[in-house]
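A.B. asks: Below is the sequence, then the predicted model.
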Amino acid sequence: MAERPERSEPSSAVYVAPAVLRRASATSTTPWELLRQTAGIEVHEQGQGPGTSALFGNFALAGVVNVRTLERVRGTEIVAGGGSNGRADVSLMTGFDKGATGGGVFGARFQREDGWRPNSAFDLGQAPARLVREVSPGTAIHAGVELYFEC
């Protein structure tokens, strides 16, 4: 008779390196599209309903995607692109890294499209910021904000 695996241990895991995500197709604009292309797994967006798993929610039965975002970066990166139907996308990411004391990441993204059918045009903006301050070895304080707008 097979034993049940420990709940804290996954039966399998797939790690996708940040460099692989950066090389993904420019048409990957959502996290699940990136994972489909780079990890070779089927991913669906699912809401987090009430449940007993405080970290992953009650829809974690079939699997969980744990995304770790950047805590700090050095330098500035600007990416711009466009396409058919008046599509334009511009993003900026910058930050700082103070080593053992902390760092931060700041970004901005604007996306617009005229749409291919009536009333499908949109303008979207996003501005995330994240700061981390290490107060002792193994202990850090994280603060972040994410702003969105749609026109």
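C.D. replies: That came through, no problem. Residues are numbered from 1 along each chain as shown.
A.B. asks: Break this protein into its domains for me.
C.D. replies: 11-68, 71-151 (automatic domain parsing).
A.B. asks: Next, the distance between the ends of the last one.
C.D. replies: It refers to domain 71-151. 30 Å (Cα to Cα, to the nearest Å).
A.B. asks: Just the strands from the protein, written as ranges.
C.D. replies: 75-83, 87-97, 102-113, 122-136, 139-150 (DSSP state E).
A.B. asks: For Asp97, which residues count as its bridge partners?
C.D. replies: Gly103 (DSSP bridges).
A.B. asks: Please verify my assumption that it contacts Arg74.
C.D. replies: Yes: counting by Cβ atoms under 8 Å, Arg74 is a contact partner of Asp97 at 5.1 Å. No exception for glycine: its C-beta is placed from N, CA and C like everyone else's.
A.B. asks: Looking at those two, which is more packed in?
C.D. replies: Neighbour totals were compared for Asp97 and Arg74, and Asp97 leads with 15 against 9 (other Cβ atoms under 10 Å).
A.B. asks: Low-confidence stretches in this protein?
C.D. replies: Where the chain drops to pLDDT under 70, the residues are 1-11, 25-32, 43-63.
A.B. asks: tell me how far stretch 104-121 is from the chain's mean position?
C.D. replies: Taking Cα atoms, centre = their mean, to the nearest Å, one finds the center of stretch 104-121 at 17 Å from the center of the full chain.
A.B. asks: Can you point out the buried residues in it?
C.D. replies: Gly104, Val105, Phe106, Gly107, Ala108, Arg109, Phe110, Gln111, Arg112, Glu113 (16 or more other Cβ atoms under 10 Å).
A.B. asks: isn't the fourth one right up against Ala129?
C.D. replies: It stands for Gly107. Yes: Gly107 lies in contact with Ala129 (Cβ under 8 Å); the separation is 7.5 Å.
A.B. asks: Excluding chain neighbours, what is closest to Ala140?
C.D. replies: Glu134 (4.6 Å; Cβ to Cβ, 6 or more residues apart in numbering).
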